[in-house]
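# 3D model of this:
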Amino acid sequence: MQANAIQWFEIPVVDIDRAQHFYETLLARSMRREQMGPQTLAVFSYDNGKGIGGALLKSDTAPRPGTDGPLIYLNAGPSLDLVLSRAAELGAEVLLPKLELPRGIGFIAQIVDSEGNRVGLHSATA
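Modelled structure (predicted):
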């Protein structure tokens, strides 16, 4: 079975209540609110294990067009450590070092690619 290239996405929002209402109304689907450590998310409905997940992410500052905005998490399986090692060899800046997610969701990290884009990486294993 081939893995999806995209694992997860995040859309930063300042007013999570307003944004959640907007997306629930726009897509005619409910979202669930979650707290992940200090972060508040409104998660889009998806079939865990079969689909690509994503969420609105509460942010303290409004996104700046072209520099902030949605964050895509690419599939770094089976080893996030291996992909982070390759990123270092390629000169990528690590914005968020490897972080273990709760409930066995896996591990994430964020880098800046060769073009200055912020890119997330996700793997089920370290």
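# Can you point out the buried residues in stretch 89-106?
Across stretch 89-106, burial judged by 16 or more other Cβ atoms under 10 Å covers 92, 98, 106. For glycine as for every other residue, the C-beta is placed from the backbone atoms N, C-alpha and C.
# Keep only those of those that are in helices.
Among those, no member falls in helices (DSSP state H).
# Which helix or strand contains residue 81?
If you go by DSSP states H and E, residue 81 is part of helix 80-89.
# average model confidence for that helix?
Mean pLDDT, helix 80-89: 92.
# Other residues contacting that helix?
The contact list for helix 80-89 (Cβ atoms under 8 Å, 6 or more residues apart in numbering) reads 76, 94, 98, 106-109, 111, 121-123, 125-126.
# For it, list every residue counted as buried.
For helix 80-89, by 16+ other Cβ under 10 Å, it's 80, 83, 84, 87.
# for stretch 117-126, same thing?
So, applying 16+ other Cβ under 10 Å, buried residues of stretch 117-126: 118, 119, 120, 121, 122, 123, 124.
# between those residues, which is closest to residue 26?
residue 120 (23.5 Å; Cβ to Cβ).
# Please compute how far whatever helix or strand that closest one lives in lies from its chain's middle.
Assigned by DSSP H and E, residue 120 belongs to strand 118-123. Distance of strand 118-123 from its chain centroid, counting by Cα atoms, centre = their mean, to the nearest Å, is 7 Å.
# cool, stretch 75-83 as well?
Distance, centroid of stretch 75-83 to centroid of chain: 15 Å (Cα atoms, centre = their mean).
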